[in-house]
Structure formats: C-alpha cells, structure tokens
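Enquirer: Below is the sequence, then the predicted model.
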Amino acid sequence: MDEYQYQIDLLKALNQKVSGECEKYVALIDASGDAFLYYSYGEDICFATGNWEQFFDIQIKSFHDVSKLFSYVKEEDAEKLREVLYIDKDGDSPSSATCEFCKKDAEQWIQCDSHVMKDNAGKPEKKLLYFRDISKFRKQNNDLAYLAYYDSLTGLYNRNRFLQEIEQWIDKASREKAIFGVAFINLNDFRKINSGSGVLVGDELLRQFGQVLLKFCVDKTMICAHMNGDAFCIAIYDPYGERTIDHVYHKLVERLNNPFILADSQVSVTISVGVAEYPEAAQTASELIERAEIVMLREKREGQNGIRYFDAPVIYDYIQNAVIEHKLNDAVFEKEFLLFYQPQYDTEERFRGVEALIRWQDEDGRMVNPGDFIPIAEKSSLIVSIGKWVLEKAISTLAGWKQKFGVSLVMAVNISSVHFSQDDFVPHLMELIRKYEVEPEEIELEIAESVLADDFERVVRKLELLQHYGVQTAVDNFGVGYLSFSRLGKLPVHTVKIDKSLIGGMLKEEAGGIVVESMIAMLGRLGYETMAEGVEHQNQLDRLKKIGCEYVQGYLLGRPAPEDAMEILLDKQIWE
Ligand code: C2E
Ligand code: MG
C-alpha cells in the first residue's frame, strides 16, 4: 500500500469515528426530550436541535429570529425570558442565567437556561440556549405545596398554614396595636355520627361544615382552618369591628339550626367554641391556639355547647382539674413536669452553676411555661407539692451530675412564698441534702421579693437558719418590687439577682445603665454578691463586667435547656 492510499484510509477511518460520535450525541440529545439553540457570534449562525419542534414550530436561522419566541410566551413571563435570551446585552453581564416561563395557549411550563462561552479576552464566542419541559415537575411541586398547607378533605388551610398566618397577624397586630381573636371550634358528638353513619358520611359532614366556615371568610381579616378530626379554627382580625367573634358565632349557630343533608339523611350539629384573644390571652400563635382549645375543652366538658373566652379563672380551674384529678402522685410529676436548667457564669464567663426552671408538659404534649401556672398554683397548696417535687428533682440531678462529671456547681432553685413559709421547709430540705449526699453550699434558694412581704421577722429567722446550715440564698427579681435597700440590708442572703427588666433597660437609655451601676455598687457595699438576669447582648455583659457585677445569666450565655442538653455542656466544662 503506498503512502497516499494509507492517508486516505486513515482519513476515512477518522471520519467514520467522528460521525459515529456525532450520531451518539444527536441520539442522546433527542432522547433527552429537550431542545437546544446554538448561536455562533462570529458567523451569526443559529441552529436549533433536539426536540425543537415539540416546543416551538418556527425555524430559527439567525439570532434576530429569536424574538419570534415571544409570540409563544405568556405576557407576564416575557420579561424574564428576555433577560435570559439576551443575557449578553451588557459587557459585564453574567455568563449564564435561567428562567421558567409558561406558554400562551397551553399549560406547558418551560425552563430556559442560557450559557455564553467567551474567548480568552472575555469576548462572547458562542451561546447555548437550553429548553426543558418542566410542566410535570411544577405540578408535583404545586401538589406538594398544596399538601403542606391545605387540608385535603375540606380544602381549608391546615394547622401549619393557620399557625403561619397567625404568626403574621401577631407581627401586624403588635405594630398596629390591634387585637384579634382565635376561635377553636369543635363539633359535638362527631364520633357518634362517624360510628353511627359511617366514615364517609362523617367526612362529608366535615367537608360541608368547612364550606360553611369558608363562607364567613369574605376578606383577609378572617381565615379558617381544619385543624384535625372534628376541630376547626376561625380567626378574626380586629374583633371590635363589625364582625366580632361573638357575632360570627351567633350567625354560625343560626346556620347550624338547619341540618346538613348527607347522603340520604339529615344531620344536626352543635358546636363548642373556645376563644383566645391576642395579646391578652397569649403572645405566640401556638399558645393562642392552645388556649382557645383549652377553653373549648372546658366548654365541652361542661356540656353547654356554647362559647367561652380564655381568662385567668379558666386556666386556674383547668390546672386544678388536670393536676388534682391525677391525685398528684409521683408518677404524674415524673410524667408531666420536668426541669430545664439555665447556666450561670461569672463575668469572665467561668461556669458557676445552673438555675432549675420548671416546665409542665400536659397530657396532650403542650409545654406550659411556669409564668402561666406557678402564679395559679400559688393560690392553693398545689404549689407546695410542686415545690417539693422541684427541690427533690433538682437535688437528685445535682447529685447525679456530681457523680458523673466530678464537678462542683451551684444548683439554684426557685422557692415560692407559700412553700417557704411551711413549717417543715428547712427540715425537708436538709433531709434531701443528706439523702442525696450533696453539700449545702451547692444549693441556692431563690426567694422572690414577695416572700419578704409576709412576716419579715419570721422570714429573716428562717434565712438565718439556712445560713447556719450553709445553704446559699438569693433574692430573686430584685429591683421591680417593693423591697427597700434599708430592709434588704438586714437580710441574711448571699446573692441578689437583679431583675431582667432592669438589665434590658441598660441598653435603652443611659439612665437605665446608671440605675444598674448604682445598684451594684450599693449591693456590693452591703456585702452581697450580685447576679444580672436576662443578659441577652454582649454589650450588656461588657458593661456589667466593667461596673463590678459578679455573675450573669441570660440567653447570651445559654438558654434554659433539658437535662440531657445540660449534660453536654457540663461535659465540656470538665475539659475547659
Ligand atoms: P425567674 O426566677 O426570674 O427565672 C428567669 C426567667 O427568665 C426564666 O423564665 C428564664 O427562662 C427567663 N430568662 C432567662 N434568661 C433570659 C433572657 O436572657 N431574656 C429573657 N427575656 N428571659 C430570660 P421561665 O423559665 O419562664 O420562668 C419564669 C418564672 O417562673 C421564674 O422567673 C420563676 O419565678 C418561676 N419559676 C420557674 N421555675 C420555678 C419553680 O420550679 N418553682 C417556682 N416556685 N417558681 C418557678
Ligand atoms: Mg429565679
């Protein structure tokens, strides 16, 4: 074979290989179902490939023809597509962009990506536009979003969406100083209907009831939701306007006087409604809903089929019933009450100890803060049972931590006045200290100023006794009550905790800082250690350090956390 023939064969072989590769790529592009538009700037050549015809039935030969694509695109999407097609209109524009647009006369959604390839000098050489049908994907996404926020049975908002809406209402209402109400509505005897007439009839009733509620929601100031089973919610912004919750309730009852027609039967429905109003009843969306539910349950239990508003006596009874009904045995405490712990540090951020803070998780898993039940429990001897449990739990936890981590720390426990005034308070405490083999100095009792309002001399004697045994004591929330410096000076306590409202006030105005500074100086001279509560910002900590405050506690350094989370922190302390 001569040289010439050899070159020809070689070229043929190469040609075959290249066209084989090309075929492979074309097949791949076709199989993808997508369409591509290639543009070469130098030659102003444009060619479309892939499934171009399935997207657009026009020919594009030059880039000028690209403008024809707009005749296919919904008006509101045209601008987005223009940005992507003409991505290179400015010198320093990005080299790729993407958008989604909908075709005019079809519910077809298309994603368009553009990529500009530049030469070494940064001049555009080629542009590749890539079109992909995303209709199916969009539908799936819409379906998912629907499932996440709507109840599939009734088509109303679900609990998640309702919570989100109420959170936004809270923001708005706090800005506008407005109020609004949340009504929790329960269909009485729904279970009987469900089991008597069947689940399908029950579902139909819920659907029709949902539609009745929806008819009330004529504008954005009213929303309704299907929370679960036979529970619905309705919320009305500005209930002092025309449509108060009471007004809507009566209209609803009027409508319910006509039975629902379900399959071939007629069903009459009555409802129990509980109402919680922002900001009076609660400050967060979930608490508002919970409290509306609490009063609804009470209304239901008392069988009045009416409407009831959340107020202090209601919650008082609720707690009394819930707790006393259980006879307050250990099992109930262990099951429903728990302690959180918040770390305390010195101003050099060295760990000092923790404050035990009670939480109540009721049967339905709702977390109730102490501010909501301690004041109520304090009105009865309930607080003594709660206080005894807290003391034992805190001391046993301390003993466990000492053993596990080999650290010595202060366990601060809040003591309410009724509990403190019990004759057996000190003996019971000392018994626990012995039982769990902890040191008295490791316990700090936090006593509110209100304790000192009782019988001052008696309280002083008890504090002296505690001091004698070596137990530490602290005055809690100092600065907002009526305890004068002259009385404070006579108190045998170790530490004074400055209330978080004063610490918060330090940042608001200079006077706030001066008040705290003078307080700390005066307390120091009286021989007390000082602790600042509610330290949330670094500049508060810096200032407190500068003005000689010894200890700090607050969200900046650590939030109250459950026992296991606190153990992680203790574990870290050992190694630091
Ligand atoms: P307290 O003794 O003044 O406890 C501090 C409260 O402030 C805690 O609220 C804590 O979570 C919160 N806090 C801590 N750091 C910050 C902060 O940086 N910023 C803000 N804004 N707050 C902060 P919590 O746990 O809701 O307790 C409220 C009150 O309930 C306590 O006030 C205490 O008086 C009482 N309490 C808690 N547990 C018990 C208990 O076991 N027995 C008794 N009798 N009362 C308790
Ligand atoms: Mg406290």
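Expert: Received the coordinates, thanks. Ligands and ions are numbered 1, 2, ... in the order given.

Enquirer: So which bits of this protein are right by ligand 1?
Expert: 342, 357-358, 369-371, 374, 387, 390, 414, 416, 446, 476-477, 500, 533-536, 554-555, 560 (CB under 6 Å from any ligand atom). (Each C-beta comes from the backbone N, C-alpha and C, glycine too.)

Enquirer: Pull out the buried residues from the residues you listed.
Expert: The neighbour-count test (16 or more other CB atoms under 10 Å) marks 342, 357-358, 370, 374, 387, 390, 414, 416, 446, 476-477, 500, 533-535, 554, 560 as buried among the residues of the chain next to ligand 1.

Enquirer: Just the ones of these in strands?
Expert: 342, 357-358, 414, 446, 476-477 (DSSP state E).

Enquirer: got these as JSON lines, with distance to residue 16 and pLDDT columns?
Expert: Below are those laid out as JSON lines (distance: CB to CB, whole Å; pLDDT from 0 to 100):
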{"residue": "342", "distance to residue 16": "78", "pLDDT": "97"}
{"residue": "357", "distance to residue 16": "80", "pLDDT": "97"}
{"residue": "358", "distance to residue 16": "83", "pLDDT": "94"}
{"residue": "414", "distance to residue 16": "88", "pLDDT": "97"}
{"residue": "446", "distance to residue 16": "89", "pLDDT": "97"}
{"residue": "476", "distance to residue 16": "90", "pLDDT": "95"}
{"residue": "477", "distance to residue 16": "90", "pLDDT": "92"}
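
Enquirer: for residue 101, what are its contacts?
Expert: 73-74, 77-78, 80-81, 109-110, 112 (CB atoms under 8 Å, 6 or more residues apart in numbering).

Enquirer: could you redo the last one with a cut-off of 6 Å?
Expert: 73, 77, 81, 110 (CB atoms under 6 Å, 6 or more residues apart in numbering).

Enquirer: Next: residue 66.
Expert: residue 85.

Enquirer: how about it, secondary structure?
Expert: helix (DSSP: H, G, I helix; E, B strand; the rest coil).

Enquirer: And it, how close does it get to residue 545?
Expert: Computed as CB to CB, to the nearest Å, the residue 66 to residue 545 distance reads 66 Å.

Enquirer: all strands for the stretch 151-300 of the chain, in order.
Expert: 180-187, 222-228, 231-237, 260-262, 265-267, 271-278 (DSSP state E, counting those that start in this stretch).

Enquirer: which one of those lies closest to residue 311?
Expert: strand 271-278 (9.5 Å; CB to CB).

Enquirer: What pLDDT is listed against the residue lying closest to residue 569 once chain neighbours are set aside?
Expert: Nearest residue to residue 569 in three dimensions, chain neighbours excluded: residue 343, at 6.3 Å (CB to CB, 6 or more residues apart in numbering). pLDDT recorded at residue 343 is 97.

Enquirer: these two touch, right, residue 343 and residue 556?
Expert: No. In this structure residue 343 lies outside contact range of residue 556 using CB atoms under 6 Å: 10.9 Å.

Enquirer: worst-scoring helix or strand of the protein, pLDDT-wise?
Expert: Sorting the helices and strands of the chain by mean pLDDT, DSSP states H and E puts helix 325 at the bottom, at a mean of 43.

Enquirer: which residue is nearest the centroid of the protein?
Expert: In the chain, the centroid-proximal residue (CA atoms, centre = their mean) is residue 286; its distance is 8.6 Å.

Enquirer: what bits of the stretch 451-576 of the chain have low per-residue confidence?
Expert: 454, 482, 574-576 (pLDDT under 70).

Enquirer: Show me which residues of it sit near ligand 2.
Expert: Contacts of the stretch 451-576 of the chain with ligand 2, taken as CB under 5 Å from the ion, map to residue 476.

Enquirer: Next, work out how far apart the closest residue to residue 249 other than its chain neighbours and ligand 2 are.
Expert: Closest residue to residue 249 apart from its sequence neighbours, by CB to CB, 6+ apart: residue 307 at 4.9 Å. According to CB to the ion, to the nearest Å, residue 307 stands 38 Å off from ligand 2.

Enquirer: Run the chain-centre distance for stretch 218-226.
Expert: 22 Å (CA atoms, centre = their mean, to the nearest Å).

Enquirer: pLDDT averaged over that stretch - what is it?
Expert: The model assigns stretch 218-226 a mean pLDDT of 90.

Enquirer: ok, residue 352 - how many residues close by?
Expert: Residue 352 is flanked by 17 other residues according to other CB atoms under 10 Å.
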